[in-house]
Structure formats: structure tokens, C-alpha cells
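J.: A predicted structure for the sequence below; I have some questions about it.
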Amino acid sequence: MSAGAPPMARDTAALTGRTFDLVVVGGGIFGACVAWDAAHRGLSVALVERGDFGGGTSAHSFKMVHGGIRYLQHLDLPRVRHSCAERTALLAIAPHLVIPLPILVPTYGRGLKGKAFLGAGVRLYDLVTWDRNRGVDDPARRIPPGRFLSRDQVLAEFPDLNADGLTGAAAFHDGQMVNPPRLVLAFLRSAVGAGAVAANYVEATGFLREGDRITGIRAVDALKGGEVEVRGRIVVNAAGPWAEPLLASRLGTALKPPGTYSRDACFVVRRRFPGPFALALPGTTRDPDAVFSRSARHMFLVPWREFTLVGVWHVVHEAGPDDFTVTDAELESFIAEINHIYPVLKLTLDDVCRWDAGLVPFGENAPGAKDLSYGKRSRLIDHGAEDGLEGLISLIGIRYTMGRGEAARAVDLAARKLGRNPPPIPVGSVPVHGGDLTDFEGFVAEAARRHAGLMDVDTVRALAQNHGTGLDAVAALAGERPEWAAPIPGSRVLGAEVVHAARSEMAVRLADVVLRRTDLGPGADPGDAAIRACARLMAPERGWDEATTEAEVADVRADLAAHRPRGPVAAG
């Protein structure tokens, strides 16, 4: 069972001295899923990540697990089915970290904005995804069929919505990630439990090569220094937007055609509608690829924890993957669009407590185009066939939701090239770490009874959402010392979670804990007291002296500052 999985220990020596079946470069969702899938099929796997696991594009996603309803506009039924299957898989194998998200789409008048048109789409989606709950054991994690709300019901949920011409709404469900980096980590912990070796802060700097065959990678240990050689029969380049620069700089190999990437951006506001619904409203741009479409692409206001997520905005990004930001001027333009389509919000830059952005593959667009074409498919490249470089595969994933399924395709290809035939993992049969439960609410109630003298039910629920059946390992630490049972100032995060992250989840930097292993930093700045409390707990675990501890605090503060507005936008 995943609750008893071994801790993740950072041991770069374990990467050397043997030849793995697969060496995976990249510890985002696609690389983590490749490691998970391959390890559970019996292949030996090593994975290296240049920063922290899930710390790149995966950490900065919009946190939605898309079931493919919007692809009905393109009449792309295979893509609808594929997306729905991946949402189903995540709800089944990670029921603590992925939950159903109800979404309300208001309808106005008749025609493309009316209830009949949208209702037909929702009904068609229900038919196309008739098996959307197959293998999802927990009734609370199942996706219900679409339904319709009356005008009065819509206004009861959103009383400030524009009522002029409002006829009601269609409601459907998608999925939402409780914590995207922890989902990456759950896949990796499960992979490590199945025998994989993983290390963060190990950057691939080149490839080992014998003639026209890639035989592994050269890497640098960013924490301890020194070069590491990791040998493998197959190398899977799953470095996301860094995959192409790595190929170009170290092998002189370019993808054909070269990839186009979008900087997908959203922001977080510390306001939340009282009900459970996300709200989808037409923005100011259209989907040029849609066969059937409403007036514009939808913008989303999505409840998440005590916040609302707002997005998503797409901008074609032509510079390198390390060179992008979201400026105050851009945030002002995003806010202006949201205020235009939902004026009563009256958002300002002061309401934004954090922005997030990551690079994802995009479609081909003319320079300066306003109505942008999205990317359609992930790219899986066999470099033996494409470039004559055997032993190398690149996987550049289209979106977080597709990580598990696209990883399976990559492992299928790798296995064929190895001359192996391990059967694929049946969908929903192998839970990620912490996901081996069939009734989340029942698990929370039972855990709350078990730990009644140590923590209240809300704290138990928060732990269960992040750790699932691994909750007891954290609770055991909380029972060892009073300071570990106490919450970090201003939060429900226990000191034990910080210690557990350092001991069992390969958290080696303070930012790993504040921004990715816990709920402290992903939504808003948790404050100096919280950051320093984490630092005091981490320091003895990592052997930091005072100067190192202060440097770690400064690094977290810099990251948090970089992801919030910098100040008023100058006029003109």
C-alpha cells in the first residue's frame, strides 16, 4: 500500500554504477508519469530534474483537469474521449489530489449564446463520455451528467451577474487539482516505491554517445557540485519547454517543425464566491479552429481553497524558456478584460495576490494575431527514426491532464526499442502514493477519530487532501514533539509537514517546502513569520547554519515577490 512506501532520499550516487533501462530527463508531470509507468511495468528507471520536482510549468498551471468538452467545438471526438479518459484516470488513482469541479456557463437569448445550443453540446458531451466514471470507486469523485439551471437559480449563485437577457445556465463538471506539485510528487513517490531512482537539482548538461547511439546523460549536481554520468539504454527527454534547447545545444538536433510555445498566464485573488461553482464567461478573443463556437473563448473564475483563480491568457513566447514574466501592464490588461465581462467585480491590481505562468506547446499563428490557435497534440519523437540517433526519445506534452496517457505512449515506444513487451498498466489499477482509498470522506472521518487528541477535523482534512493514506506518517511526527504538532503561523500546515517533507519527500530547499510540498505559498505570500517558522524547522534537518538559513529565506521571499504585482502601472 502506498501509505507504507519508502521515503524519497536524494542519493546521486545511486544514479551511477549501473545501466538503467530508461533515463528520464525532467521531473514535471510528464517525466514523473514516464518514471511511474515504466517502473510499474518492471523497467529500471532513473529520473533527474534540474530544479525541484514539479517546480516548472507543472507548478504554475491553472489547476484544472480538462475532460475535453471544448474539443466538441472542433468536432474532435477522439480528443474528447482521450481527455475524458485521462481525467477519469486521475480521479481514480489520485482521489485525494483531484476532485470534480462544477462549472456554470450562463446562457443569454437564443442562438449560439442560448440555452438550446449550449444544452445540445452538454448532452452530446454526456453521450460521448458515457463511460466517464468507469473505475472511479469513490462516489464523491465521479463526474455527474450536465444539468440546467433556471434564471433564478443562476442569480442565486451569482446575484451580481448581468441579468439582462439571462435565460439560465448549463452546468457541467471538470476536474481540479488540489495541489499540482504534490500530484507530480505522488507519481514520483509511487515510482520510487516501485524501484525508480530520482534526484532533484541534478541538471542534464549533455548526452553520452557511442557513434549514433545515445547511451545516457551527463549531469551536474547543482547542490553538491560535480558531474554525474547516468547510463541508460533509452533516454527520454521530457524536459518540457527546455527539451528543444537541450537537444539543440548538446546534440545540434532541431525538431521538425520547431515547437511554438505559449506563455499561459492566470492570477489569484483573495476573494471567493460563496458557492461551489466555477464561472465561465465569454472573453474578447475567438477560437479560429472551432467549427461551432459561441461568441468568444471563455474566461474562467474558479474557486480554489480560499481564493479565486482567474484565467487563462495566452501569448506566443519566442524567447528561451527561462526568460519570461508577467508584467503589471499585462495584469492590468487581464483585469480590464475580466472587469469588462463581469463589471461588478471591480478588480484592481491590489486584488492580485499572485500570478502564475508556464510554457506549453501551442498552435501555428501569424505574427501579432489576436485570435490564437491552440496546440492540439503532444509530440512524441523517436530520434532514431527522425535523426538517426538511436536510444533517444523526446516527449513534449500538451497539457498537465495528459501526462499519464502520453507517458504510457512513450513507455510503449521505449519498450519496443528495448525488445521488451511489458503489458500496459490498466487504467485506474495502480494508485499514486496516498491514493489507495475508495471513500475520501469516510477516510477523513476515520482519521479524525484516530487522531482526535492531536488535531482537529479541518487539519485532518487538509492533511488528507495533500497526503491521502500517507497522512499517518505526518501524524506520527506530529505526535513526537509539541512544536511539530503546532501549525505554522497563519495556516493549517503543521510543523510535522515541514519535517516530513525534508525527511521523506526530498525537500532540500526552503522553497521546496513553502511553494510545493505544503499549502503555504502557492496561493499567496504566507508572511515572514510563516517562512521563518519553516526555516527553523528545516535548518536542523538539512544542517544549515545561520547564513545558509538566511539565504534560503531570502530566496523564498524573492520567488514570492517575483510572482506578485510590483506596484502601480505608470500612466501612458
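T.: Thanks, I have it.
J.: show me the shaky parts of the stretch 451-572 of the chain.
T.: Across the stretch 451-572 of the chain, residues meeting the criterion (pLDDT under 70) sit at 567-572.
J.: all the helices of it, residue numbers only.
T.: Across the stretch 451-572 of the chain, reading from the start of the chain, the helices by DSSP state H, counting those that start in this stretch fall at 457-467, 471-478, 482-485, 495-504, 510-511, 528-542, 546-562.
J.: using a markdown table, lay out these together with mean neighbour count and distance to residue 213.
T.: In this view, the C-beta of every residue, glycine as well, is placed from N, C-alpha and C. Formatted as a markdown table, the entries for the helices of the stretch 451-572 of the chain read as follows, by neighbours: other CB atoms under 10 Å; distance: least, CB to CB, whole Å:
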| stretch | mean neighbour count | distance to residue 213 |
| --- | --- | --- |
| helix 457-467 | 21 | 42 |
| helix 471-478 | 20 | 42 |
| helix 482-485 | 15 | 50 |
| helix 495-504 | 24 | 37 |
| helix 510-511 | 26 | 38 |
| helix 528-542 | 19 | 39 |
| helix 546-562 | 15 | 40 |
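J.: just put the ones you listed in TSV and tack on distance to residue 419.
T.: Supplementary listing: those in TSV, determined by distance: least, CB to CB, whole Å:
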stretch	distance to residue 419
helix 457-467	39
helix 471-478	39
helix 482-485	50
helix 495-504	36
helix 510-511	42
helix 528-542	43
helix 546-562	45
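J.: closest one to residue 8 among these?
T.: helix 495-504 (6.4 Å; CB to CB).
J.: output the contacting helices and strands for the closest one.
T.: Here helix 495-504 is seen to pack against helix 471-478, helix 482-485, helix 528-542 when contacts are counted using 3 or more CB pairs under 8 Å, 6 or more residues apart in numbering; DSSP states H and E.
J.: what's the angle between the longest one and helix 546-562?
T.: In this structure, helix 528-542 runs at an angle of 140 degrees to helix 546-562, with axes from the mean of the first three to the mean of the last three CA atoms, to 10 degrees as the basis.
J.: outside of helix 528-542, which residues touch it?
T.: By CB atoms under 8 Å, 6 or more residues apart in numbering, the residues outside helix 528-542 that reach it are 483-484, 488-491, 495, 498-499, 502-503, 507-508, 510, 513-514, 518, 520, 544, 548-549, 552-553, 556-557.
J.: one more: the shortest one?
T.: Residues outside helix 482-485 that contact it (CB under 8 Å, 6+ apart) are 454, 455, 477, 478, 479, 494, 495, 496, 499, 537.
J.: would you list the residues you listed in JSON lines and tack on distance to residue 434?
T.: JSON lines is the format used below for the contacts of helix 482-485 (distance: CB to CB, whole Å):
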{"residue": "454", "distance to residue 434": "19"}
{"residue": "455", "distance to residue 434": "17"}
{"residue": "477", "distance to residue 434": "16"}
{"residue": "478", "distance to residue 434": "17"}
{"residue": "479", "distance to residue 434": "19"}
{"residue": "494", "distance to residue 434": "16"}
{"residue": "495", "distance to residue 434": "20"}
{"residue": "496", "distance to residue 434": "16"}
{"residue": "499", "distance to residue 434": "18"}
{"residue": "537", "distance to residue 434": "22"}
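J.: buried residues in the lowest-mean-pLDDT helix or strand in the chain?
T.: Lowest mean confidence among the helices and strands of the chain (mean pLDDT, DSSP states H and E): helix 115-128, at a mean of 89. Residues of helix 115-128 classed as buried under the neighbour-count rule (16 or more other CB atoms under 10 Å) are 115, 118, 119, 121, 122, 125, 126, 128.
J.: need the three-state assignment for residue 394.
T.: strand (DSSP: H, G, I helix; E, B strand; the rest coil).
J.: same check, this time on the one 10 residues further on
T.: For residue 404, the reduced secondary structure class is helix; criterion used: three-state DSSP.
J.: residue 524 touches residue 352, doesn't it?
T.: No. When contacts are counted by CB atoms under 8 Å, residue 524 is not listed as touching residue 352 (9.7 Å).
J.: and for these two, which residues touch both?
T.: Here residue 524 and residue 352 have residue 268 as joint contacts, going by CB under 8 Å, 6+ apart.
J.: neighbour-wise, which of the two wins?
T.: Between residue 524 and residue 352, counted using other CB atoms under 10 Å, the more crowded position is residue 352 (23 against 19).
J.: do you know how far the residue nearest to that one when sequence neighbours are not counted is from residue 340?
T.: Nearest residue to residue 352 in three dimensions, chain neighbours excluded: residue 267, at 4.9 Å (CB to CB, 6 or more residues apart in numbering). In this structure, residue 267 and residue 340 are 16 Å apart, going by CB to CB, to the nearest Å.
J.: can you check residue 427 too?
T.: 42 Å.
J.: still on that earlier bit, quick check, nearest of the buried residues of helix 115-128 to residue 139?
T.: Proximity of the buried residues of helix 115-128 to residue 139 (CB to CB) peaks at residue 126, which lies at 17.8 Å.
J.: what are the phi and psi values for the closest residue to that closest one other than its chain neighbours?
T.: Beyond its immediate neighbours in the sequence, the residue positioned closest to residue 126 (CB to CB, 6+ apart) is residue 145, lying 4.8 Å away. Taking degrees, to the nearest 10, you get phi -70, psi 160 for the backbone angles of residue 145.
J.: burial measure for residue 145, as a count.
T.: Using other CB under 10 Å as the criterion, residue 145 is surrounded by 15 other residues.
J.: that one and residue 124 touch, don't they?
T.: No. Proximity of residue 145 to residue 124 does not meet the contact threshold set by CB under 8 Å, at 11.7 Å.
J.: follow-up on the earlier one: closest to residue 397 out of the helices and strands packed on helix 495-504?
T.: helix 471-478 (29.9 Å).
J.: just checking, what packs against that closest one?
T.: Applying 3+ CB pairs under 8 Å, 6+ apart, we find helix 471-478 packed against helix 440-450, helix 457-467, helix 482-485, helix 495-504.
J.: closest to residue 278 out of these?
T.: Using CB to CB as the criterion, the shortest distance between residue 278 and the helices and strands packed on helix 471-478 is 18.1 Å, found for helix 457-467.
J.: looking at this, residue 248 is in a helix?
T.: Yes. Read with three-state DSSP, residue 248 is one of the residues of a helix.
J.: got the confidence number for the residue nearest to residue 126?
T.: Among the per-residue scores, residue 145 holds a pLDDT of 97.
J.: wait, a strand at residue 214?
T.: Yes. Counting by three-state DSSP, residue 214 is part of a strand.
J.: that one and residue 230 touch, don't they?
T.: No. In this structure residue 214 lies outside contact range of residue 230 using CB under 8 Å: 11.6 Å.
J.: which of the two has more neighbours?
T.: It is residue 230, of residue 214 and residue 230, that has more neighbours when counted by other CB under 10 Å, with 27 against 24.
J.: check which helix or strand covers that one.
T.: Secondary-structure element containing residue 230, defined by DSSP states H and E: strand 227-237.
J.: elements contacting that strand?
T.: With contacts defined as 3+ CB pairs under 8 Å, 6+ apart, the packing partners of strand 227-237 are strand 19-25, strand 45-49, strand 202-210, strand 213-221, helix 243-251, strand 392-396, helix 403-418.
J.: so which of these comes closest to residue 104?
T.: helix 403-418 (27.4 Å).
J.: and for that closest one, what's in contact with it?
T.: In this structure, residues lying in contact with helix 403-418 by CB under 8 Å, 6+ apart are 21-22, 29-30, 32-34, 36-38, 41, 43, 82, 85-86, 89-90, 93, 187, 233-234, 236, 238, 378, 380, 382, 384, 390-391, 393, 395, 397-398, 421-422, 424-425.
J.: can you list the buried residues in that helix?
T.: For helix 403-418, burial by neighbour count (16+ other CB under 10 Å) applies to 403-415, 417.
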